[in-house]
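# Sequence first, predicted model second:
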Amino acid sequence: MPLNPEEIDRYARHLVLRDVGGPGQLKLKAARVLVVGAGGLGAPLVQYLAAAGIGTIGVVDNDTISLSNLQRQVIFGTGDVGLPKVEVAARAISQLNPNVAVETHSLRLTHGNARDLINRYDIVADGSDNFDTRYAVSDACFFERKPLVTAALGQFDGSLTTIRTYETGADGRPNPTYRCLFPSPPPAGSIPTCAEAGVLGALAGVMGSLMAMEVMREIVGFGESLVGRLLMVDARGMRFDTFRYGWDERNPLNGKDASGAV
């Protein structure tokens with residue numbers, strides 16, 4: 001479906017970019033993106049995806065808004081405390097860009113429901129705050145052959161990578177899975193939660209915006225992907241570092257002795 005006159009005006013700064021232009025904007029308009037988590041990462045992420053003109057944004061979260069969320073979850077206001085996050089996120093998306101369709105999923109994503117949900121979308125952006133969800137999402141993306149942009153926050157640091165396990169690298173080896181990078185979840189209780197350790201509010205905005213940029217890059221196809229690369233952001237030292245990682249033949253998904261189950 002072509003861009004209408006209002007969309008041409010709205011996306012004018014994209015349309016003049018050589019690496020995006022009309023064809024790229026149409027790809028954004030046709031895309032279906034699933035955002036997992038409407039919290040610190042998901043809040044800025046859905047804002048920029050909506051502003052960019054993503055055709056359909058799905059939002060998964062089963063939480064309600066609390067006062068302590070407002071330090072970093074910038075799509076919510078004081079009057080929203082107690083409301084479902086997906087409900088307010090959908091309202092924020094529609095207010096920003098009525099051309100974007102929103103699909104809300106007020107549920108906790110698990111190994112049991114992840115594949116069915118993820119199968120409905122073209123690309124997944126995971127901003128969840130717990131390891132159970134991250135592994136459920138990444139495993140489902142492997143089996144459903146969907147690209148995954150995944151990020152995480154620490155107190156003053158963040159990380160971001162993209163995973164496309166259904167493709168091979170230039171060396172002919174399979175692309176790495178999430179389990180190549182993080183083979184198994186840490187022991188329960190070994191990593192403090194956000195509530196226990198704290199997090200710098202503006203860092204969530206930085207990482208969520210970087211997620212949006214990487215999702216757009218994956219859809220349109222410009223620049224160098226973060227596949228096989230882990231971006232690390234250090235807010236204390238204002239440092240951005242990128243580390244390469246590769247396929248681990250011992251991983252349980254597509255390793256040499258993979259059983260096809262995890």
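Here it is on my side, so go on.
# Quick check: chain neighbours aside, which residue is closest to Ala152?
Spatial nearest neighbour of Ala152, excluding adjacent residues (CB to CB, 6 or more residues apart in numbering): Ser159 at 5.2 Å. No exception for glycine: its C-beta is placed from N, CA and C like everyone else's.
# what about Leu67, how many residues close to it?
Other residues lying near Leu67 total 10 when counted by other CB atoms under 10 Å.
# State the distance from it to Phe142.
38 Å (CB to CB, to the nearest Å).
# correct me, but Val33 touches Met216?
No - Val33 lies out of contact with Met216 (CB atoms under 8 Å); the separation is 9.5 Å.
# count of residues packed around the nearest residue to Ala235 once chain neighbours are set aside?
Distances taken as CB to CB, 6+ apart put Phe156 closest to Ala235, at 4.4 Å, once the chain neighbours are dropped. Residues near Phe156, counting by other CB under 10 Å, number 14.
# quick one: Phe156 and Thr162, what's the gap?
Taken as CB to CB, the span from Phe156 to Thr162 is 23 Å.
# got the contact list for stretch 4-24?
Stretch 4-24 is contacted from outside by 3, 25, 28-29, 52-53, 97, 99, 220-223, using CB atoms under 8 Å, 6 or more residues apart in numbering.
# 6 Å instead?
25, 53, 220, 222 (CB atoms under 6 Å, 6 or more residues apart in numbering).
# cool, and stretch 118-131?
Contacts of stretch 118-131 (CB under 6 Å, 6+ apart): 31-37, 39, 41-42, 45, 58, 134, 137, 140-141, 144, 146-151, 185, 211, 215, 218.
# First-to-last residue distance for that stretch?
Distance across stretch 118-131, first residue to last, is 18 Å (CA to CA, to the nearest Å).
# still on that earlier bit, check for me that the residue nearest to Ala152 belongs to a strand.
Yes - assigned with DSSP: H, G, I helix; E, B strand; the rest coil, Ser159 falls within a strand.
# which helix of the chain spans the most residues?
In the chain, ranked by residue count with DSSP state H as the criterion, the top helix is helix 201-220.
# How about exporting that one as PDB, limited to the C-alpha atoms?
The C-alpha coordinates for helix 201-220 follow below in PDB (Å, rounded to 0.1, in the frame of the first residue of the first chain):
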ATOM      1  CA  GLY A 201      16.700   6.000  34.200                       C
ATOM      2  CA  ALA A 202      18.100   7.800  31.200                       C
ATOM      3  CA  LEU A 203      20.200   4.700  30.300                       C
ATOM      4  CA  ALA A 204      16.900   2.800  29.600                       C
ATOM      5  CA  GLY A 205      16.100   5.600  27.100                       C
ATOM      6  CA  VAL A 206      19.400   5.200  25.400                       C
ATOM      7  CA  MET A 207      19.200   1.400  25.100                       C
ATOM      8  CA  GLY A 208      15.500   1.400  24.000                       C
ATOM      9  CA  SER A 209      16.300   3.900  21.300                       C
ATOM     10  CA  LEU A 210      19.300   1.800  20.100                       C
ATOM     11  CA  MET A 211      16.900  -1.200  20.000                       C
ATOM     12  CA  ALA A 212      14.500   0.800  17.800                       C
ATOM     13  CA  MET A 213      17.300   1.800  15.500                       C
ATOM     14  CA  GLU A 214      18.500  -1.800  15.200                       C
ATOM     15  CA  VAL A 215      14.900  -3.000  14.400                       C
ATOM     16  CA  MET A 216      14.600  -0.400  11.700                       C
ATOM     17  CA  ARG A 217      18.000  -1.300  10.300                       C
ATOM     18  CA  GLU A 218      17.000  -5.000  10.200                       C
ATOM     19  CA  ILE A 219      13.700  -4.200   8.400                       C
ATOM     20  CA  VAL A 220      15.100  -1.700   5.900                       C
END
